[in-house]
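[1] Just the structure for this:
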Amino acid sequence: MTMKDSDLIVNEILESYKAHDLTRRIDPKATINRDKVIEIIETMRRILFPGFFAENKAKSEYLPYIVGERVEFVHYHLRKQINNALSSNPECGCPECSCMELAEEITQLFLKKVPEIREYLYTDVIAAYNGDPAAYSTDEIIFSYPGLFAITVYRMAHELFLLKVPMIPRIMTEYAHSLTGIDIHPGASIGKYFFIDHGTGIVIGETTVIGSNVKIYQGVTLGALSTRKGQQLKGVKRHPTLGNYVTIYSGTSVLGGETVIGDGATIGGNAFIVESIPAGTKVSVKNPELQFSEGNNKELNQNKNW
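    Residues are numbered from 1 along each chain as shown. Predicted structure coming up:
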C-alpha cells in the first residue's frame, strides 16, 4: 500500500466518523470504561463470596483489611464510572461537579445494599443445591454454575438499575450473558430462592416479575408478545409475571405483559404461553407423533459385521 492509498483510506474513514455520529465518541467529557466495569464485577464477587475467588486464602483475622481494600476499590472505580455514565447521558444537563456528587451518593447507597444482595444470593445457592441432584456441594455451585454467576451479576446490576444508573447495569448483565448464554435484563424483578438449571439460551425481559422459589431450565424465554412499536413501549409492562413456586421446563416461551403464571404452576417443555395460567396448574405439550423409516435401518443391519 502506498502512502497515497493509506491517506485516502484514512480520510474516508474520518469522513464516515462525521457522517455516522451515533457510532463514535470523540472528545467526550466522559466515557464509560467497560473493562473497568468488569473489574468491578469481579471484585464485587470476591466481596459477595469471600474466600472463593481470591488468589490467596482468606484468614478471618485479616478479613477487615481484605474487605476494606475491596470496598475501597469498588467505591473509587464505580463512583468514577457512574459519574462518566451520568455525564455522557444526553438527558443529563447537570454540571460535571454535580454528577460526581450524585455518583458518590449512588455508590454509597449501592455498597450499603451488599448485605441484602448477599442474603438473596445465599437463598439462590440453597435453591440450586436443593433443586439439583447433580450438585455435590454448595461450593461446586458457587465456583462453577453459570446460572448462579448470571444471577449474581444480575443482582448487582439490578440495584444500580433501581438507582437509575444509565448503561452500567446493562453492560454488567450483557457481560454475564456473553459468558453464560443467560440474558437477564437488570430491570427484571426476581425474588429469593431463584434457580436457573443449565441455563444456556434463557432470556428474561426488562419488565418481568418473578416471585420466590422459581426454577427455570435452559432455553426458556420470558419475553414480550410484540416489540414492533419500539421506543413507544418504553416503560410499558411487556413481559410476564411469575408467581411463587413456579417451574418452567426447557424450550418454553412465556410472552406478554398481561400474562401471569400463578403460584405453584408447572409449565412443561416446548410450550408457547401467551395467556395467564391459574395457580397450581400443570401445562404440558402433547407428545408429537414420531415417524421411523425402516429403510435406513435395514441397510444398516446389512452392513453390520457382528
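[2] The stretch 101-250 of the chain: strands as residue ranges?
    Per DSSP state E, counting those that start in this stretch, the stretch 101-250 of the chain carries strands over the ranges 183-184, 189-190, 195-197, 203-204, 209-210, 215-217, 221-223, 241-242, 247-248.
[3] With distance to residue 294 as added columns, please give those in TSV.
    Bear in mind the C-beta positions are built from the backbone N, C-alpha and C, glycine included. Converted to TSV, the strands of the stretch 101-250 of the chain look like this (distance: least, Cβ to Cβ, whole Å):
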stretch	distance to residue 294
strand 183-184	43
strand 189-190	49
strand 195-197	37
strand 203-204	40
strand 209-210	47
strand 215-217	34
strand 221-223	37
strand 241-242	45
strand 247-248	37
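[4] of all those strands, which lies closest to residue 119?
    Residue 119 lies closest, by Cβ to Cβ, to one member of the strands of the stretch 101-250 of the chain: strand 189-190, at 13.6 Å.
[5] from the middle of its chain, how far away would that closest one be?
    11 Å (Cα atoms, centre = their mean, to the nearest Å).
[6] Each with direction, which strands does that strand pair with?
    With DSSP bridges as the test, strand 189-190 is paired with strand 209-210 (parallel).
[7] will you turn the strands of the stretch 101-250 of the chain into a markdown table that also has distance to residue 37, mean neighbour count and mean pLDDT?
    Output for the strands of the stretch 101-250 of the chain, formatted as a markdown table (distance: least, Cβ to Cβ, whole Å; neighbours: other Cβ atoms under 10 Å; pLDDT from 0 to 100):
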| stretch | distance to residue 37 | mean neighbour count | mean pLDDT |
| --- | --- | --- | --- |
| strand 183-184 | 16 | 24 | 98 |
| strand 189-190 | 21 | 16 | 98 |
| strand 195-197 | 22 | 25 | 97 |
| strand 203-204 | 21 | 22 | 98 |
| strand 209-210 | 25 | 20 | 98 |
| strand 215-217 | 27 | 23 | 98 |
| strand 221-223 | 25 | 23 | 97 |
| strand 241-242 | 29 | 25 | 98 |
| strand 247-248 | 31 | 24 | 98 |
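[8] Identify whichever of these lies nearest to residue 291.
    Ranking those by proximity to residue 291 (Cβ to Cβ) places strand 215-217 first, at 26.9 Å.
[9] Counting by contacts, list what the closest one packs against.
    Here strand 215-217 touches strand 195-197, strand 247-248, going by 3 or more Cβ pairs under 8 Å, 6 or more residues apart in numbering; DSSP states H and E.
[10] quick one: which of those strands is nearest residue 188?
    Closest to residue 188 of those, according to Cβ to Cβ: strand 195-197, at 12.5 Å.
[11] what's the closest one packed up against?
    Judged by 3+ Cβ pairs under 8 Å, 6+ apart, the packing partners of strand 195-197 are helix 114-131, helix 146-162, strand 215-217.
[12] Kindly reformat these as a markdown table containing distance to residue 291.
    Below are the helices and strands packed on strand 195-197 laid out as a markdown table (distance: least, Cβ to Cβ, whole Å):
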| stretch | distance to residue 291 |
| --- | --- |
| helix 114-131 | 35 |
| helix 146-162 | 36 |
| strand 215-217 | 27 |
